[in-house]
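J.: Sequence and computational prediction follow.
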Amino acid sequence: MARDVTSLLKEPEIGEGPKELPYPGLLKELSRQALERRPCYDYRRRSAEEVEARIGQVRRALRKCLGLPGRASAAGPTRVIERPAVQLDGFSIRPVVMERGGGWYITAHLYVPDGLARPAPAVLHVHGHSYDGKSAPFYARRCRGLARRGFVALFVDFPEADERKGTGHALWYPVLAGITLQGIMIEDNSAALTYLSSLPFVDRARLGVTGSSGGGNQTAFLAALDERVAAAAPCNAPCMIAEHCAHGSDAYCHCEAVPGMVGAGIEYHDLLAAAAPRAVRVFSGIRDPLFPVVGARRAVEEASFAHAALATLRSSEGATSLRSTSASKLGCTHEEHYCGHACPAEFREGVYRFFEQALKRPGDVRGPGGEGEDIDMSAPELDALRKRPARFLTIADLYRARLRSTRPKRPGPSEINRLLGRRAGSAVAACVVRFEERNRSRLLLQTGDGAVLPTVVRKGGGSHLVLAISDKGKSAALRQMGARGPVASFDWRGQGETAPPQDIWYQRASHYLSIAGKTLAGDRVTDLLAVAAWLRREGTPASNIVAFGGEASLIALLAALAEPTLPRVELHGLLRSFRDAPGLIGQVPYTAWVPGLAALTDIPQMLAALGKRAVVKSWLKAGAERPREGYT
């Protein structure tokens with residue numbers, strides 16, 4: 001009697017033994033490999049001219065990846081509302097609302113030190129993933145510290161924080177339309193810089209930016225792209241992306257993952273280098289588990305060569321050029337503190353010292369120093385948006401507006417494969433474990449890139465084999481197919497027997513692969529095509545593909561478009577249009593969304609391109625958008 005096999009992964013001695021497999025960290029290993037295969041630019045021994053040319057390339061490619069206009073231009077608010085200032089100990093806080101476009105509101109607090117007699121240096125403060133935003137005491141403390149040292153500080157809420165609740169934030173579906181959350185925040189922060197530099201008591205040649213964690217990443221991106229930033233202090237965030245993948249303990253937020261960035265040759269050191277020769281000081285916690293200090297050290301060291309090369313240049317633009325300021329003499333440096341993912345008092349003091357070195361001049365207001373007492377940030381007089389406007393745009397509104405301006409077309413295989421980040425003809429699989437039972441075969445297939453796919457082929461009457469997939473794995477697919485006829489099913493990478501031990505790795509793999517210029521959806525398309533190709537070679541080709549669920553249906557549809565020889569696909573649970581994505585959270589996971597797909601095509605056009613090779617058995621119904629849609 002054949003013994004029961006609960007998992008092929010636990011019995012490698014059966015049949016032909018497989019090579020060493022990276023379980024249970026399959027998604028982690030494949031993500032790491034995808035990032036490390038990309039070349040990393042070396043700034044060592046480069047001339048100033050070479051560095052300048054490289055920085056130009058980085059900025060152009062970065063703007064494209066972020067979904068920003070190709071030509072750099074500073075964003076600005078179309079309208080500003082300033083509320084009465086609230087006087088405090090050594091400074092005042094003025095609530096400010098900036099409207100960008102029509103209906104996109106940015107709320108902020110403007111900290112102004114007492115006693116300004118001439119234009120002062122100013123620092124834009126951007127924050128990480130506390131949705132209290134500018135009202136969070138531990139964030140406001142930093143702005144008080146800056147103001148009490150003579151700096152004007154502008155603290156901006158990011159989307160969904162504090163008074164911007166309801167806009168949405170941790171969302172992945174916007175990448176379908178070529179919209180990135182980091183790109184939205186860069187334009188918000190650029191508009192905030194425009195407002196800050198317009199104030200008569202601010203010296204526009206002495207602007208800084210700082211933030212920690214997600215705010216540290218915002219700082220690095222903004223300084224790379226906006227040359228008005230004279231000094232940047234990104235905290236608790238800069239880290240080589242490949243290092244973050246290999247050893248970081250948590251995922252990026254969707255707002256921090258920029259599709260195609262590493263695929264375009266841009267690693268984190270390039271962000272820091274693109275700010276050269278302006279001053280950059282990275283602040284890190286030695287015990288930070290999220291952003292390992294080793295990755296931060298390497299990013300700063302690699303970028304420092306670019307800063308050193310440009311520091312020797314002398315601008316012909318006169319004394320007001322950023323290159324001629326004291327900030328340009330500081331280069332790219334690293335300050336470490338013995339802490340975790342936090343900014344304790346000595347850490348914040350280091351940030352203040354850096355800005356004093358980079359931006360202060362003799363005769364500037366010194367202020368009382370210290371950080372003063374915590375204040376009640378919930379006081380009504382500190383509200384910027386006293387009444388929610390009738391037209392208050394959300395990220396879903398921006399997404400739909402972008403799609404209204406596109407003309408979807410019928411896609412061809414080359415276009416689909418390009419967006420999926422895969423090569424045509426790359427779907428191959430070999431059987432490394434095979435165990436025959438009376439009514440079924442249990443297999444372990446391995447794809448060309450090392451992914452292993454636990455597979456079951458159920459025997460039965462009839463000559464037509466059906467290949468079935470499900471959002472819930474092969475066991476669910478087999479149940480949904482019922483008992484009749486021969487059926488094959490498998491767990492795609494990261495599913496069923498190959499699921500990661502922590503759900504957060506679905507998000508991490510989606511991000512890392514996308515950043516590397518691939519997609520998790522594209523790799524799962526390859527899995528489906530590889531299994532279908534293996535069945536053909538075995539002499540038991542699938543007569544059709546049956547998909548159950550929102551992700552499985554989209555994967556099957558994409559596979560049929562990518563490979564014209566794939567048999568007919570039968571879809572149980574397909575979305576009707578990418579316009580419905582905001583209302584499908586919970587029905588289609590973010591792992592299925594392919595950056596740029598909705599900017600090229602839509603479901604009706606995809607089905608039209610397949611003709612009789614696709615049949616939809618049931619449609620998904622978009623529900624109401626959730627107040628905190630897409631949060632992870």
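T.: Structure received. Quick caveat, the model's predicted, so the values are computed rather than measured.

J.: CA only for contacts and neighbour counts going forward, please
T.: Fine.

J.: quick one: low-confidence ranges for the stretch 51-200 of the chain?
T.: By pLDDT under 70, the low-scoring segments of the stretch 51-200 of the chain are 72.

J.: Now with 50, please.
T.: Residues of the stretch 51-200 of the chain meeting the criterion pLDDT under 50: none.

J.: Identify each buried residue in the helix or strand encompassing residue 521, please.
T.: For residue 521, the host element (DSSP states H and E) is helix 520-537. Neighbour-count burial for helix 520-537, counted by 16 or more other CA atoms under 10 Å, picks out 520-535.

J.: Helix, strand, or coil at the residue nearest to residue 198 when sequence neighbours are not counted?
T.: Once flanking residues are discounted, residue 198 sits nearest to residue 204: 7.6 Å by CA to CA, 6 or more residues apart in numbering. Using DSSP: H, G, I helix; E, B strand; the rest coil, the structure places residue 204 in strand.

J.: same thing with residue 75?
T.: The three-state label given to residue 75 by three-state DSSP is coil.

J.: since we're on it, how many residues are nearby?
T.: Number of residues near residue 75 (other CA atoms under 10 Å) recorded here: 18.

J.: just residue 70 next, same as before
T.: So residue 70, with other CA under 10 Å, has 12 neighbours.

J.: ok, now which ones touch it?
T.: Counting by CA atoms under 8 Å, 6 or more residues apart in numbering, residue 70 touches 60, 63, 64.

J.: Could I get the buried residue list for stretch 500-511?
T.: By 16+ other CA under 10 Å, the buried positions in stretch 500-511 come out as 500, 505, 506, 507, 508, 509, 510, 511.

J.: Now do the contacts for residue 220.
T.: Counting by CA under 8 Å, 6+ apart, residue 220 touches 232, 234, 238, 271, 272.

J.: Next SSE downstream of the strand or helix carrying it?
T.: Secondary structure assignment for residue 220, by DSSP H and E: helix 214-225. For helix 214-225, the following helix or strand on the C-terminal side (DSSP H and E) is strand 229-235.

J.: Just the CA trace of that following strand, in PDB.
T.: Output in PDB follows, covering the C-alpha atoms of strand 229-235 (Å, rounded to 0.1, in the frame of the first residue of the first chain):
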ATOM      1  CA  VAL A 229      17.200  71.500  -0.800                       C
ATOM      2  CA  ALA A 230      20.600  72.700   0.500                       C
ATOM      3  CA  ALA A 231      20.900  70.200   3.300                       C
ATOM      4  CA  ALA A 232      19.100  66.900   4.000                       C
ATOM      5  CA  ALA A 233      19.100  64.700   7.100                       C
ATOM      6  CA  PRO A 234      17.300  61.500   6.300                       C
ATOM      7  CA  CYS A 235      16.900  59.400   9.500                       C
END
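
J.: tilt between that strand and helix 214-225?
T.: Using axes from the mean of the first three to the mean of the last three CA atoms, to 10 degrees, the direction of strand 229-235 lies 150 degrees away from that of helix 214-225.

J.: Return the distance of strand 229-235 from the chain's centre.
T.: Strand 229-235 has its C-alpha centroid displaced from the chain centroid by 21 Å (CA atoms, centre = their mean, to the nearest Å).

J.: That strand pairs with which strands, and in what direction?
T.: strand 202-212 (parallel), strand 279-285 (parallel) (DSSP bridges).

J.: what about the stretch 501-632 of the chain, any weak spots by pLDDT?
T.: For the stretch 501-632 of the chain, the stretches with pLDDT under 50 are 627-632.

J.: Strands of that one, start to end?
T.: 542-548, 568-574, 614-619 (DSSP state E, counting those that start in this stretch).

J.: Would you mind telling me which of those strands is nearest residue 180?
T.: Nearest to residue 180 among those is strand 568-574; the distance by CA to CA comes to 24.5 Å.

J.: Show me what that closest one pairs with in its sheet, parallel or antiparallel.
T.: Assessed with DSSP bridges, strand 568-574 is paired to strand 542-548 (parallel), strand 614-619 (parallel).

J.: and the angle for the helix holding residue 521 with strand 542-548?
T.: 150 degrees.

J.: hmm, who's touching helix 520-537?
T.: Around helix 520-537, the neighbours that count as contacts under CA under 8 Å, 6+ apart are 417, 420-422, 426-430, 445, 447, 453, 467, 492-493, 509-510, 513-514, 541-542, 555-556, 558-559, 563, 566, 591-594.

J.: Residue 603 and residue 553: what is the separation?
T.: Separation of residue 603 from residue 553 (CA to CA, to the nearest Å): 11 Å.
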